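Student: sequence and predicted model, in that order:
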Amino acid sequence: MNIQLNGKIALVTGASGGIGQGIAIMLAKSGAKVAVNYLNNEAGANETVAQIEAAGGEGKVFRADVTKVEEVERLVAEVEQAFGGPVGILINNAGHLVSRLNNADMTEQLYEQVMDVNFKSTVFACKAVLAGMKRSGGGRIVNLTSVAAHNGGGAGASIYAASKAAVMAYTKGLAKEVAADGILVNAISPGFIGETAFHSTFTPEAARQATIKGIPLGREGLPLDVAGSALFLVSELSSYLTGETIEINGGMFMR
């Protein structure tokens with residue numbers, strides 16, 4: 001089946017690499033006009049747009065720190081002006097472990113950094129697009145959570161896990177709130193996904209190999225594995241699905 005998103009305007013936060021890049025490219029290949037958000041990795045964001053354009057799609061780069069409410073609001077306004085309409089698809093992908101640190105050593109600064117980039121960014125990006133979605137008769141929001149929300153995460157990642165659990169609960173609450181407006185809100189919960197800065201930075205190779213051995217499908221996931229589920233959730237194929245979390249982990253965690 002060929003999913004068409006022609007005429008849709010999509011915003012993908014944190015789309016300069018990894019999962020966000022994979023989602024942005026897949027949405028564009030399906031016809032959406034894609035806003036590629038980044039904070040520090042401008043080269044990666046430009047590469048995302050280059051791949052979109054090489055595939056015949058349309059994408060533009062937008063820099064914004066999504067942990068700051070005023071920048072989120074500016075970002076959405078700039079995307080709507082650039083593409084000539086409201087954001088109809090929002091992918092809240094921006095997120096970060098920031099640093100592995102046990103709770104005995106936790107600082108207020110690190111706590112705020114982790115919660116802001118994973119949870120606060122999601123809340124206020126959703127808020128920023130709701131008015132436009134309501135005016136246009138509906139929309140799709142997909143929030144990225146994590147298998148860590150279920151199992152507490154690895155060593156030194158409890159606050160990250162808690163922030164992702166907050167995203168999961170928020171997804172359910174927002175889905176109820178905006179259902180009557182035709183806005184569907186769902187989440188994707190990736191497990192061990194390779195080709196991402198997250199594991200390149202925070203997961204030693206020995207731990208990576210040990211994790212893969214415990215995955216029933218026998219491999220780590222790829223950004224495109226996550227992107228396929230995102231495409232499903234923003235398409236008409238998911239028109240009776242809201243408030244749900246799809247687990248993408250090769251069977252390492254089954255509910």
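Tutor: Great, that's in hand.

Student: hang on, Gly57 packs against Val34?
Tutor: Yes - with contact taken as CB atoms under 8 Å, Gly57 and Val34 are classed as touching, separated by 6.9 Å. Using the backbone N, CA and C atoms, a C-beta is placed for each residue, glycine as well.

Student: out of those two, which sits in the more crowded spot?
Tutor: A side-by-side neighbour count of Gly57 and Val34, using other CB atoms under 10 Å, places Val34 first with 32 against 20.

Student: what sits against Asn186?
Tutor: Applying CB atoms under 8 Å, 6 or more residues apart in numbering to Asn186 gives the contacts 141-143, 171, 175, 233, 238, 241-246.

Student: separation between Val72 and Val123?
Tutor: Here the distance between Val72 and Val123 works out to 9 Å (CB to CB, to the nearest Å).

Student: where does Ala10 fall, phi/psi-wise?
Tutor: According to degrees, to the nearest 10, the main-chain angles of Ala10 amount to phi -120, psi 140.

Student: next: Lys176.
Tutor: Given degrees, to the nearest 10, the pair of backbone angles that Lys176 has is phi -70, psi -40.

Student: what is the neighbour count of the residue lying closest to it once chain neighbours are set aside?
Tutor: By the measure of CB to CB, 6 or more residues apart in numbering, the closest residue to Lys176 outside its immediate chain neighbours is Gly243, 6.6 Å from it. With neighbours defined by other CB under 10 Å, the count for Gly243 comes to 15.

Student: double-check that Gly243 belongs to a strand.
Tutor: No - with DSSP: H, G, I helix; E, B strand; the rest coil as the criterion, Gly243 is located in coil rather than a strand.

Student: just the pLDDT for it.
Tutor: Reported pLDDT at Gly243 in the predicted model: 98.

Student: try Phe202
Tutor: At Phe202, the predicted lDDT confidence score is 60.

Student: so Leu11, which of the three states?
Tutor: Look at Leu11: counting by three-state DSSP, its state is strand.

Student: got it, and Pro86?
Tutor: Remark: Pro86 carries the secondary structure label coil [criterion: three-state DSSP].

Student: find the nearest non-adjacent residue to it, please.
Tutor: Nearest non-adjacent residue to Pro86, counting by CB to CB, 6+ apart: Gly132, 2.8 Å away.

Student: I'd say the one you found and Val79 touch.
Tutor: No - assessed by CB under 8 Å, Gly132 is found out of contact with Val79, at 9.7 Å.

Student: neighbour count: these two, which is higher?
Tutor: Set side by side, Gly132 and Val79 give different neighbour counts by other CB under 10 Å, the larger being at Val79 (27 against 19).

Student: circling back: of the contacts of Asn186, which is the nearest to Pro223?
Tutor: Pro223 has its nearest neighbour among the contacts of Asn186 in Val142, at 14.2 Å by CB to CB.

Student: looking at that closest one now. What's its pLDDT?
Tutor: Note for Val142: predicted pLDDT of 98.

Student: what does Glu195 give?
Tutor: Looking at Glu195, its pLDDT is 68.

Student: ok, Ile188 next?
Tutor: Note for Ile188: predicted pLDDT of 98.

Student: ditto for Gln209
Tutor: Gln209 is given a pLDDT of 82.

Student: so what does it have for phi and psi?
Tutor: For Gln209, the backbone dihedrals (degrees, to the nearest 10) come out as phi -60, psi -40.

Student: quick one: common contacting residues for Gly132 and Val79?
Tutor: By CB under 8 Å, 6+ apart, Gly132 and Val79 have these common neighbours: Val87.

Student: put the alpha carbons of the strand ranked longest in the chain into PDB.
Tutor: Longest among the strand segments of the chain by residue count, using DSSP state E, is strand 183-190. What follows is the C-alpha trace of strand 183-190 in PDB, where atoms were taken according to Å, rounded to 0.1, in the frame of the first residue of the first chain:
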ATOM      1  CA  ILE A 183      -6.500  15.200  16.600                       C
ATOM      2  CA  LEU A 184      -5.000  11.800  17.200                       C
ATOM      3  CA  VAL A 185      -2.100  11.500  19.700                       C
ATOM      4  CA  ASN A 186       0.000   8.400  20.000                       C
ATOM      5  CA  ALA A 187       3.400   7.400  21.100                       C
ATOM      6  CA  ILE A 188       6.200   5.200  19.900                       C
ATOM      7  CA  SER A 189       8.500   3.400  22.400                       C
ATOM      8  CA  PRO A 190      11.800   2.400  20.800                       C
END
